[in-house]
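In: for reference, the sequence and a predicted model appear below.
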Amino acid sequence: MTQNYHIDDDIQDLVAESDTGNRHPKQWYAAILLLSLPVIWSLFQLWVGSPLPAIFGVGFLNDTEARAIHLGFALFLTFMAFPATHNSVKDSIPWYDWLLGFSAAFCACYIFIFYAELATRPGAPIQMDLFFSVAGLLLLLEATRRTLGPPLVIVAVVFLTYVFFGDSQYMPDVIRWKGASIERAMSHMWLTTEGVFGIALGVSSGFVFLFVLFGALLNQAGAGNYFIKIAFSLLGHLRGGPAKAAVLSSAMTGLISGSSIANVVTTGTFTIPLMKRVGFSAEKAGAIEASSSINGVLMPPVMGAVAFLMVEYVGIPYIEVIKHAFVPAAISYIALLYIVHLEALKADMYGLPRSGPIYTMKVKMLRFGIITSSMVVLAGLLFFLISAIKAITGPVSVVLVLLVILAGYIGLLYISARQPELEMDDPNAEIVELPIFADIYKTGLYYLIPLITLVWFLMVERNSPGLSAFWASVLMGFILLTQKPLKAFFRKDGMGVAIQEGLIDLRDGLGSGARNMIGIGVATATAGIIVGTVTLTGIGQVMAELVEIVSGGVLLFMLMFVALISIVLGMGLPTTANYIVVSSLMAGVVVELGAQNGLIVPLIAVHMFVFYFGIMADVTPPVGLASFAAAAVSRGDPLKTGVTAFFYSLRTALLPFLFIFNTDLLLIDVTWYQGIFVFFVALAAMLVFAAATQGFWLTRSKWYETVGMLVIAFTLFQPGFWLDRVEKPFERHQATEIYSYIERQSDDANIRLIAEGETLDGRFVSSTVILPLGKAEGTPQERLLNNVGLELLPEDDGTMLVDFVEYNSPAERSSIDFDWKITGIKEETDRMAKEVFYIPAFLLLALIAFSQRRRIAKEPAKQPAL
């Protein structure tokens, strides 16, 4: 992929400092090392992620060993690629960085090198163990400072201070604990999988690396430029077209990227100057790019690598995470497109001049329908073809499927070879000619093959994310090697240079993927310190108490306080570390405090809540990294860009509150047709909310119309709120009626219990829990014991005493303990459908539309038409 324009040095430095490292040594041996070691790391991760070690019984590593080597690579490359300070030399590697790099790599691999010996002394480290654990922890913090800056280091140091000095007299009583010795702390943090080498680093090593590598290979092949061109060919001619294209291209690059800053620079370098050209201010152009780029991190299937962490933390399949995340992300993106459209209407902007034939709306819709239906038909035919091959041929099917993929790749590459090669346009040129979609889409259709392969393995074959990314990355490696030689062959050009370029592209793609992983690997390891502190000290329970005290027990205030804490904790952190920190500290808080207020929130909704607000930190001043990156490109004021981006991102901040109270948005327990209905209603609500926040819909809104639209949006998002005012959602029964209640319930029903009691740390808790009753077999007592895990005894005060809780039963997992009391049962009442309240909402919206159209009719010359 050729790039004909120069990216400013400060922007290049910004990306390098935050993602890949900006040291470029002139010593030949250091240059070769920084060129070859990332490639070796990528090959190592491909080997670990492949089925080959299991097949051949060679080079097999367990999770702990793989994590240690993974961190060893990340730490060594940190000290090689990231200078100690901004003023440090960048054209050579000082002797002390060589020393620190080798020392850090050895400390990281210590658990791998001495794996057998450490297994013989669990929890009893010797002096050598302690020395290398302390050294490793200190070097990890220094590596974090170099790659990510001070924020995560400060957070980690605060937590480590709490580990060692939690019993200090200066520590507030509410968070004081007994403290830990150096032996216990280092064993927990470095020598086990509870701290640094925990789940977060395991996800980085097992899943995230291969997805980042896949994205780097895809981008190296030219897919990033292809996506930008497609976006501009489709949307560039519309009002505010470059801004709409920026949103769409960020959505597409977000599919393969895990960094909001990388999204900003990848697409923003081209889109921001064009946005400014059609009338957007520098701050608004940067804010639109920053807002769309953080949404790229929210977009499945990668979600900034958080999707894979959610699989581990929430305990649900990857496909479920994708299903729950899709609707909010899609709605948020469409709403941002609409905000851009409203901004363009307010300023009476127009798009860029288009080339080629201009079609009427009817012809456009017909062409869109034909293209879309053709893609659906082709996808269906491909699915049935591969399914038929597998069913008929059995063991030989793998070879035949590979031949089908190869034939499709060669065919699409032949079509691409007949088109001119895509070049990067110069956004600062005097005249920009929009590309024609009919010419552009043919040039990169073969990029869809690895994407389809990835989706096929994930969604159809139901393989693990790591194995799916492995096969997709292998296919991308094959494409990088062959695309240029085969194009040269089809064009009847010389293939010698093309073969050499293919090898260089593969090397650069492997190296780029590994260097993009340096910060992520270090971040997940350091975030393990926070996770380790939570598991060692029980600080999570303390956070719940703190939030409850500050919020006064009001659920909405609790959620707002948790959102604020998530934003503060997320400031300056990369996506993965951001999510690990906020979920470790705040997810349990939302679950516990929600239950105490009678709100049962699914765990995935809680994790999505804290993730969304953690990501909001990327655009929120004073440490909005994505906003600062966009301001560096737009030459606008960074603080004003951040404020504007935050304002545009209010739609993203609204969604988490909505799916806490209305889990339909996450497609939880809804059928496919209900899911479609939920999507369109929620989309309508979000567009109305966007129009209200912009103060503009068909024309500029009056204040009362804005208030009306906010009420409409709230009603469409949460119709149950108004229904609860009219009819009670639950009827409370005495706890002694539990057996008669169970007797009335059919198979697979649930029971909603109000339970209260004292926790192991002496806190009194009252909460509502939902427990599954399973099959309607046996007596109510037997059903309660076998399916819920509870035995109860009646009390004189009308409550039921918990006499027995079965280990690992639903009751035990819901934190119900021995000697607790069941004080009541909640039964859902038979009410009218909450969707009834959509009717007055849409009627009010129609009234506002009528009012605004009347004003437009009176002043036609002053109002831009839609």
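Out: Now that the structure is in, tell me what you want to look at.
In: name the residues that touch stretch 715-732?
Out: 658, 661-662, 665, 681-682, 684-685, 688, 714, 752, 754, 824-829, 831-832, 834-838, 840-841 (CB atoms under 8 Å, 6 or more residues apart in numbering). Just so you know, the C-beta spots here come from the backbone N, C-alpha and C atoms, and that holds for glycine as well.
In: from those residues, which land in strands?
Out: 752, 754, 824-828 (DSSP state E).
In: which one of those residues is nearest Gly179?
Out: Proximity of the ones in strands among the contacts of stretch 715-732 to Gly179 (CB to CB) peaks at Ile754, which lies at 36.7 Å.
In: what is the burial count for the residue nearest to that closest one when sequence neighbours are not counted?
Out: If the residues on either side of it in the chain are set aside, Ile754 comes closest to Gly824, at 4.2 Å by CB to CB, 6 or more residues apart in numbering. Using other CB atoms under 10 Å, Gly824 is surrounded by 22 other residues.
In: got a pLDDT number for the residue positioned nearest the centre of the chain?
Out: Centroid check for the chain by CA atoms, centre = their mean gives Met303 as the closest residue, at 2.7 Å. On the pLDDT scale, Met303 is placed at 73.
In: quick one on the thing from earlier: if any of the ones in strands among the contacts of stretch 715-732 are buried, put those into a PyMOL selection.
Out: Entered in PyMOL, the line below selects the buried ones among the ones in strands among the contacts of stretch 715-732, by 16 or more other CB atoms under 10 Å:
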select buried, resi 752+754+824+825+826
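In: in JSON lines, list the ones in strands among the contacts of stretch 715-732 along with pLDDT and distance to Leu486.
Out: Below are those laid out as JSON lines (pLDDT from 0 to 100; distance: CB to CB, whole Å):
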{"residue": "Arg752", "pLDDT": "89", "distance to Leu486": "62"}
{"residue": "Ile754", "pLDDT": "90", "distance to Leu486": "68"}
{"residue": "Gly824", "pLDDT": "90", "distance to Leu486": "71"}
{"residue": "Ile825", "pLDDT": "92", "distance to Leu486": "68"}
{"residue": "Lys826", "pLDDT": "90", "distance to Leu486": "65"}
{"residue": "Glu827", "pLDDT": "87", "distance to Leu486": "67"}
{"residue": "Glu828", "pLDDT": "85", "distance to Leu486": "62"}
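In: let me know the closest of the ones in strands among the contacts of stretch 715-732 to Val769.
Out: Closest approach between the ones in strands among the contacts of stretch 715-732 and Val769, by CB to CB: Arg752, at 7.4 Å.
In: quick one: contacts for the closest residue to the closest one other than its chain neighbours?
Out: Among residues not flanking Arg752 along the chain, Lys826 sits closest, at 4.1 Å (CB to CB, 6+ apart). By CB under 8 Å, 6+ apart, the residues touching Lys826 are 598, 730-733, 752-754, 768.
In: how many neighbouring residues does Gly511 have?
Out: Counted with other CB under 10 Å, Gly511 comes out at 22.
In: how about Glu758?
Out: Quick note: Glu758 (other CB under 10 Å) scores 12 neighbours.
In: just give me the neighbour total for the residue lying closest to it once chain neighbours are set aside.
Out: The shortest distance from Glu758 to any residue other than its chain neighbours is 5.5 Å, reached at Phe764 (CB to CB, 6+ apart). Number of residues near Phe764 (other CB under 10 Å) recorded here: 8.
In: the closest residue to Val460 other than its chain neighbours: which element?
Out: Nearest residue to Val460, sequence neighbours excluded (CB to CB, 6+ apart): Phe383, at 7.4 Å. For Phe383, the host element (DSSP states H and E) is helix 361-393.
In: tell me the secondary structure for the nearest residue to Ala749 once chain neighbours are set aside?
Out: Closest residue in space to Ala749, ignoring its immediate chain neighbours: Leu773 at 5.0 Å, by CB to CB, 6+ apart. Of the three states, Leu773 takes strand according to DSSP: H, G, I helix; E, B strand; the rest coil.
In: per-residue confidence for Leu773?
Out: Reported pLDDT for Leu773: 86.
In: do I have it right that it meets Asn787?
Out: Yes: counting by CB atoms under 8 Å, Leu773 does reach Asn787; the two are 5.5 Å apart.
In: what is the residue nearest to Arg752 paired to in the beta sheet?
Out: Arg732, Arg752 (DSSP bridges).
In: ok, it to Val590 distance?
Out: 20 Å (CB to CB, to the nearest Å).
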